[in-house]
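S.K.: predicted model, plus sequence, below.
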Amino acid sequence: MSTPDILAIVGPTACGKTRRAVQIAAAFGGEIISGDSRQVYRGMDIGTGKDLNEYGDVAYHLVDIADAGEKYNLHRFLTDFNKVRIDIISRGKLPVLCGGTGMYVEAALSGLVMPEVGRNEELRASLSDKSLEQLTEILKEYKILHNTTDVDTRDRALRAIEIQKYYSEHPEESRLADRTTAKPLRSLVIGLDISREDRREKITRRLDSRLREGMIEEVRGLIGSGVRPDDLIYYGLEYKFVTLHVMGKLSYEEMRRQLEIAIHQFAKRQMTWWRGMEKRGIPIHWLPYDLNDGEFLEKMNILLRNWQK
């Protein structure tokens, strides 16, 4: 029987991706790779919904690998993802990619590989007097292969130019970093289908649960440990609004109301991304999120048996 190189679980926030990923990994000899852009940070546990107690004996990767306050990005994720995926396969296990960060998941499944690009001191010296606006214009002169959506400072714009110049001088490596020329992974992607009404109810219930569990105290602890409030705000959603509350800029009621709205909007954007991913050539097999465990595994067995028959 032909089997995929990787299995992925996608869907909007609060639909139960972690539980299903653990179920699949336990049943089919897999290990989980997190595809969540915020679960990489140590100490950011409640707000990111790590739910580490759900994993049991199932091995997981790319959780708690960076310090809170760092700016983890797509380049680092793909480097880490590919190392972990190759290691899992080398041990005869099935990689199970789980997460809701669409950009990360799609880039990984598309087979993108971003090379290590060292500092170009000559280039940096030649651009030392350029403003962020000027660097942005220079960056636009290159074919965009690297993720530049988070280039919000001069240093990051300079780094993006450095990478683009490297790609222009190393065309073979640039092909691996370009989705139109990279070799996609042989993947089986499962989407958890949840109605808008159920999704909204679960988001609200989960938000209140996280607040009761100590999400505000978690943010206070991070700030107390030396993480700058601006860095927490940068991470968005829970960390943005709770930090604003802790800093006295939002009342508890304002924080909770605005955060709930933001999470609902985020879930909608996630679904838009998954639908777009399908249109861009990565099929998703949608299964009801509320199947019982037996039904879910039965559906998974059928999908694996029929995969590329």
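M.R.: Yes, it's here. Numbering: from 1, shown residues only.
S.K.: strand partners of the longest strand along the chain, parallel vs antiparallel please.
M.R.: Counting residues, the longest strand found in the chain (DSSP state E) is strand 187-193. Within its sheet, and counting by DSSP bridges, strand 187-193 is paired with strand 6-10 (parallel), strand 285-288 (parallel).
S.K.: most packed of the ones you listed?
M.R.: Mean neighbour count (mean count of other C-beta atoms under 10 Å) peaks for strand 6-10 among the strands paired with strand 187-193, with a mean of 26. Yep, even glycine has a C-beta here, placed from its N, CA and C like the rest.
S.K.: what are the contacting residues of it?
M.R.: By C-beta atoms under 8 Å, 6 or more residues apart in numbering, the residues outside strand 6-10 that reach it are 17, 20-21, 24, 28, 30, 35, 85, 94-100, 102, 105, 108-109, 185-192, 274, 277, 284.
S.K.: restricted to helices, list those.
M.R.: Within the contacts of strand 6-10, residues falling in helices by DSSP state H are 17, 20-21, 24, 28, 85, 102, 105, 108-109, 274, 277.
S.K.: tabulate these (TSV), appending pLDDT.
M.R.: As requested, the ones in helices among the contacts of strand 6-10 are arranged in TSV below (pLDDT from 0 to 100):
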residue	pLDDT
Lys17	97
Arg20	98
Ala21	98
Ile24	97
Phe28	95
Arg85	97
Gly102	95
Val105	98
Ala108	97
Leu109	97
Trp274	97
Met277	96
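S.K.: looking at these, spot the one nearest Glu254.
M.R.: Distance to Glu254, by C-beta to C-beta, is smallest for Gly102 among the ones in helices among the contacts of strand 6-10, at 28.7 Å.
S.K.: what sits against that closest one?
M.R.: By C-beta under 8 Å, 6+ apart, the contact set of Gly102 is 10, 270, 273-274, 277.
S.K.: tell me which two of those sit farthest apart.
M.R.: Spanning the widest gap among these are Gln270 and Met277, at 10.5 Å by C-beta to C-beta.
S.K.: and the ones in helices among the contacts of strand 6-10, which is closest to Glu122?
M.R.: Ala108 (33.0 Å).
S.K.: the closest one reaches Ser37, doesn't it?
M.R.: No - between Ala108 and Ser37 there is no contact under C-beta atoms under 8 Å: 12.0 Å.
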